[in-house]
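Visitor: pasting the sequence and the predicted coordinates here, then a few questions.
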Amino acid sequence: MNKTIHRDHQTTNKIFDNRSLEKDYATLIPILKNGLRVLDIGCGTGAISKDIAERVGPDGSVTGIDHTEKFIISGKESYQTTSNLELVHHDLFSYEAEEKFDLIVSARTLQWLSNPKEALLKFKSLLKPGGQLSILDYNHEQLSWQPEPPESMLSFYQTFLKWRADAGMNNHIAEDLAGYFAETGFLEIEVFNAEEVYQQQDDNFLQRIGIWSKVAGSTQMVEEGYLEDSLRLKAIEDYDQWISTDAEQMIMKLKEVRGRIAL
């Protein structure tokens, strides 16, 4: 059973809207061909889906699905002029399509599931014979900062990892994806390094490194007894101060894994 993750939708909308194919899923670009029928699972507000739609052209199409209705409503408004993009509020496991897809993509989504192999089997059922699957996801256990952030944030982060693990989520799913692909019958499996490196001189550095203050902004772990609220607030305060004075680099380990189903 998957844990319900409560999010600040306004903040998360902004994070999703600031994403792009070029910055946040660049390894996918070489396989996006004109005319492909693409399904984007866990599309958020559809920012990357929109970029994929532009790449596959008017002869292709992109359907993005997400289980959070507010994201879909936002995306439909933002990208209403992209005629070959459809955004749908739906749960992955009950989703069905009249026509199967040439390519299914899913970025930073399986990390939230306690049953990723079941998800891969669902993806298989939605692909055309010979169709391709691309998954992009994290190894949260190898996140690194330079220099190290305050102890309060390091402690919060370890609690975050424990909270996820206790809910059955895989904190190092990037390392296990290729094995999951093989176990569920995918062929021609390939792995691509897609780590995110954010440097102090980058235009989006403060926004990207500040993601952990936003994660700590949720009170869910407090409500579930994983930490005291005072410790959560201290982690935010100390981390924000560190960002403004000392932070130089953050590296988030990320891999793209691809595979095909049989013809």
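Guide: Here it is on my side, so go on. Quantities reported herein were computed from a predicted structural model and do not represent experimental measurements. Numbering: from 1, shown residues only.

Visitor: residue 256 versus the residue lying closest to residue 146 once chain neighbours are set aside, what's the distance?
Guide: Nearest residue to residue 146, sequence neighbours excluded (Cβ to Cβ, 6 or more residues apart in numbering): residue 249, at 4.1 Å. For the C-beta atoms, the positions are set from N, CA and C on the backbone; glycine is no exception. Using Cβ to Cβ, to the nearest Å, one gets 22 Å for the distance from residue 249 to residue 256.

Visitor: neighbour count winner among those two?
Guide: residue 256 (21 against 16; other Cβ atoms under 10 Å).

Visitor: hey, what's that one bridged with?
Guide: Beta-bridge partners for residue 256, by DSSP bridges, are residue 136, residue 192.

Visitor: and the pLDDT at it?
Guide: On pLDDT, residue 256 comes in at 98.

Visitor: cool, residue 58 as well?
Guide: You'll see residue 58 listed with a pLDDT of 96.

Visitor: hey, C-alpha coordinates of whichever helix or strand residue 239 is part of in CSV?
Guide: In the assignment (DSSP states H and E), residue 239 maps to helix 229-245. Taking C-alpha atoms only, helix 229-245 is exported to CSV below (Å, rounded to 0.1, in the frame of the first residue of the first chain):
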residue,chain,number,x,y,z
ASP,A,229,7.9,20.2,15.2
SER,A,230,10.6,22.3,16.9
LEU,A,231,13.3,20.2,15.2
ARG,A,232,11.6,20.5,11.8
LEU,A,233,11.5,24.3,12.1
LYS,A,234,15.1,24.5,13.3
ALA,A,235,16.2,22.5,10.3
ILE,A,236,14.4,25.0,8.0
GLU,A,237,15.9,28.0,9.8
ASP,A,238,19.4,26.6,9.9
TYR,A,239,19.4,25.4,6.3
ASP,A,240,18.0,28.6,4.9
GLN,A,241,20.8,30.5,6.7
TRP,A,242,23.4,28.0,5.4
ILE,A,243,22.1,28.5,1.8
SER,A,244,22.5,32.3,2.0
THR,A,245,26.0,32.2,3.5
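
Visitor: and that helix, what does it pack onto?
Guide: Applying 3 or more Cβ pairs under 8 Å, 6 or more residues apart in numbering; DSSP states H and E, we find helix 229-245 packed against helix 151-166, helix 211-216, helix 220-223.
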